[in-house]
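>>> Okay, sequence plus prediction incoming.
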Amino acid sequence: MKEIKFTKENVRLNVQADDWKDAIHQGVALLEHNGLVTNKYASHIIRNIDEYGPYIVISPGIAIPHARPEDGAIDIGVSLITLKQPVRFHNVETPVRVLISFSAQDNNQHLNIIKLIVKIIEDGLIQEIADISSIQKLNDLIGGDK
Amino acid sequence: MLQILVVCGAGLGSSFACQMSVETVLKDLNVEAKVDHSDIASAAGTSADIIISGKNFEEQFSRYDLSQDLIFLERLVDKEEIKEKLTPVLREKGEL
């Protein structure tokens, strides 16, 4: 899973976000900073949510901001932010504190990113990630060669 | 073979994650099926037997005239919910 190494380039912990849109912008800004998406990507995600509802909240407490490759993805990549204060999404009961944003080039190549997200949810690690205090601990918890 | 399509807004994140949970559930139930994922715009013309999507897409789907069995989930990667909602449909189709 070489594309999913968490470093200071793609992780921000305890971010202050005003609302869900701000949280998406901040998570996607890391992708943009790393040259993985264009500056249009975040607004495409927000537009999709306005149209279809919060499909990026796939389990209580976690959102996975992403859009289609043609919405401004340049390469496969991932970023992770945790929020100081949780943000609410419309029609979603549990507020979100963990955002794993990603970009993809087609429907399938980013399999490892999805596997990691499913593993985090199925192993019940969302709360632990929300409270994590360092990138090292984050990699110990979910990274490595798994 | 039974075909199942998992659908979300972009067709490559939430639906892909849900597909993995669906595949695990099918394995547990010992049912063979081909599972794929797509975005909602491409879902209208699908030949799949069963469509699985998030609750937030229920209204959207009601505008399409689809003959498939539709399953809407509160939690896309909740294997228990998937199993609970998929089992009766599989029984009805004679897959279980």
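Right, received. Where do you want to start? These numbers come from a predicted model, not from an experiment.
>>> Give the buried residues for the longest helix along chain B.
Ranked by residue count, the top helix of chain B under DSSP state H comes out as helix B:14-29. Neighbour counts using 16 or more other Cβ atoms under 10 Å in any protein chain shown place B:S14, B:S15, B:F16, B:A17, B:C18, B:Q19, B:M20, B:S21, B:V22, B:T24, B:V25, B:L26 of helix B:14-29 among the buried residues. To be clear about C-beta, it is placed using only N, CA and C from the backbone, and glycine gets the same treatment.
>>> where does chain A dip in pLDDT?
A:1-3, A:143-146 (pLDDT under 70).
>>> Pick out the residue of it closest to chain B.
Across chain A, the shortest distance to chain B (Cβ to the nearest Cβ) belongs to A:G53, at 3.0 Å.
>>> So for B:Q60, what's the pLDDT?
B:Q60 is assigned a pLDDT of 88 by the prediction.
>>> Okay, buried residues for whichever strand or helix holds it please.
B:Q60 belongs to helix B:58-62 when assigned by DSSP states H and E. By neighbour count on 16+ other Cβ under 10 Å, the buried set for helix B:58-62 is B:Q60, B:F61.
>>> Quick one: distance of it to the chain centre.
14 Å (Cα atoms, centre = their mean, to the nearest Å).
>>> now the buried residues of helix B:14-29 in CSV, with distance to B:Q3?
Below are those laid out as CSV (distance: Cβ to Cβ, whole Å):
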residue, distance to B:Q3
B:S14, 19
B:S15, 14
B:F16, 16
B:A17, 19
B:C18, 15
B:Q19, 12
B:M20, 17
B:S21, 17
B:V22, 12
B:T24, 18
B:V25, 16
B:L26, 12
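>>> tell me, which of these make contact with chain A?
Subset of these in contact with chain A: B:S14, B:F16, B:A17, B:C18, B:M20, B:S21, counting by Cβ under 8 Å from any Cβ of the partner chain.
>>> where does residue 66 land in three-state SS?
This is for chain A. coil (DSSP: H, G, I helix; E, B strand; the rest coil).
>>> Tell me how many other residues crowd it.
33 (other Cβ atoms under 10 Å in any protein chain shown).
>>> How about the one 10 residues further on?
Neighbour count of A:I76, defined by other Cβ under 10 Å: 19.
>>> Please report how far the closest residue in space to it that isn't next to it in sequence lies from A:H66.
Nearest residue to A:I76, sequence neighbours excluded (Cβ to Cβ, 6 or more residues apart in numbering or on different chains): A:H110, at 5.1 Å. Distance, A:H110 to A:H66, by Cβ to Cβ, to the nearest Å: 9 Å.
>>> How about B:E81?
From B:E81 over to A:H66 the distance is 22 Å, taken as Cβ to Cβ.
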